[in-house]
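J.: just coords:
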């Protein structure tokens, strides 16, 4: 208790706590948010980490800080602390700076996909080889359902789902990707596929409006994966099914620049924790191991 109170007895560390209660950020991003030098931010983070208030996740050469769960005393007072942190004089400016950092993450991703829409399928296969996993994912999708695919890309998966009486909706944040998907849908002669422009953390659908959501290789592009999963919970009907296929944790640092990846894959426990935090239950997953030169894939299902 004493160590925790000492760690929190500084305005800069209180500000850091308030920021990290609403996301996870690198040291570089935190220096921008707080308008403070990197050495000072790193020093404050070390004190908070030593007190088990923060944890750090290494992803290649980047390190992401987040609120930890090992400090039981802090967990017991977290709700009260979180409310009081909103009263800090710097809180409004910090919140605006956090929003700017997250907007920049999203903007860089959208600009990348707009530039590479036509070449995306070949580019992704070449730079980040994956095992054959899509048939397993497709087999989990319910028939005769209103189904939403987030991050529809060029529309390949959505067109494979166009049978069994499904009503299909595809959402993507890149206008160029959506245009490419529409072109392919028209060429295939398929009808009844509704393609919409929208952010995965702000889906253009009403509450509890779909039976199944598929997030295929999109979470590692998300600025805030938990925010996306929480938004999916909003649009799913009671008893609806969420299917996620995404990269298992890897160390291909070049994927950040070459493929606009925000995250170098995920640990299975990390994804399961986010699903649970967003209110999902019956969480199951399987790992599709990659062959030589390939990265492994995690397939999650949950309701």
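T.: That came in fine, so what should we check first? Treat the numbers as computed from the prediction; the structure is a model and nothing was measured.
J.: going forward, measure contacts between C-alpha atoms and count neighbours the same way
T.: OK.
J.: next, the buried residues of whichever strand or helix holds residue 269.
T.: With secondary structure defined by DSSP states H and E, residue 269 is part of helix 268-277. Of all the residues in helix 268-277, those buried under the rule 16 or more other C-alpha atoms under 10 Å are 268, 271-272, 274-275.
J.: same question for stretch 152-165.
T.: Under the neighbour-count criterion of 16+ other C-alpha under 10 Å, stretch 152-165 has 152-155, 157-159, 161-162 buried.
J.: relative to residue 212, which of those is nearest.
T.: Relative to residue 212, the closest of the buried residues of stretch 152-165 is residue 161; by C-alpha to C-alpha it sits at 11.9 Å.
J.: check contacts around that closest one.
T.: Applying C-alpha atoms under 8 Å, 6 or more residues apart in numbering, we find residue 161 in contact with 138, 168.
J.: what about 6 Å?
T.: With contact taken as C-alpha atoms under 6 Å, 6 or more residues apart in numbering, residue 161 is in contact with no other residue.
J.: if I look at it, how far off is residue 42?
T.: In this structure, residue 161 and residue 42 are 48 Å apart, going by C-alpha to C-alpha, to the nearest Å.
J.: report how many residues lie close to the closest residue to residue 118 other than its chain neighbours.
T.: Leaving aside its sequence neighbours, residue 118 sits nearest to residue 180 (C-alpha to C-alpha, 6 or more residues apart in numbering; 6.7 Å). Residue crowding around residue 180 was assessed by other C-alpha atoms under 10 Å; the count is 15.
J.: ok, back up a step: other residues contacting the helix holding residue 269?
T.: Taking C-alpha under 6 Å, 6+ apart as the rule, helix 268-277 contacts residue 226.
J.: could you point out which element follows it?
T.: Reading on from helix 268-277 to the C-terminus, the next helix or strand found by DSSP H and E is strand 284-288.
J.: could you list every helix and strand in contact with that next one?
T.: Packed against strand 284-288 by the contact rule (3 or more C-alpha pairs under 6 Å, 6 or more residues apart in numbering; DSSP states H and E) you find strand 297-302.
J.: tell me the strands beside the strand it packs on, with direction?
T.: Neighbouring strands of strand 297-302 in its sheet, by DSSP bridges, are strand 236-247 (antiparallel), strand 284-288 (antiparallel).
J.: in stretch 101-111, which residues are buried?
T.: The neighbour-count check on stretch 101-111 (16+ other C-alpha under 10 Å) flags 101-102, 105-106, 109-110 as buried.
J.: in JSON lines: these, plus distance to residue 26, pLDDT and secondary structure.
T.: JSON lines is the format used below for the buried residues of stretch 101-111 (distance: C-alpha to C-alpha, whole Å; pLDDT from 0 to 100; DSSP: H, G, I helix; E, B strand; the rest coil):
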{"residue": "101", "distance to residue 26": "11", "pLDDT": "89", "secondary structure": "helix"}
{"residue": "102", "distance to residue 26": "12", "pLDDT": "86", "secondary structure": "helix"}
{"residue": "105", "distance to residue 26": "12", "pLDDT": "84", "secondary structure": "helix"}
{"residue": "106", "distance to residue 26": "16", "pLDDT": "82", "secondary structure": "helix"}
{"residue": "109", "distance to residue 26": "17", "pLDDT": "77", "secondary structure": "helix"}
{"residue": "110", "distance to residue 26": "21", "pLDDT": "77", "secondary structure": "helix"}
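J.: excluding chain neighbours, what is closest to residue 251?
T.: Take residue 251 and drop its neighbours on the chain: the residue closest to it by C-alpha to C-alpha, 6+ apart is residue 60, 5.6 Å away.
J.: residues near the one you found, how many?
T.: Once other C-alpha under 10 Å is used to define contacts, residue 60 is seen to have 14 neighbours.
J.: distance of it relative to residue 258?
T.: Shown here: residue 60 relative to residue 258, a distance of 15 Å by C-alpha to C-alpha.
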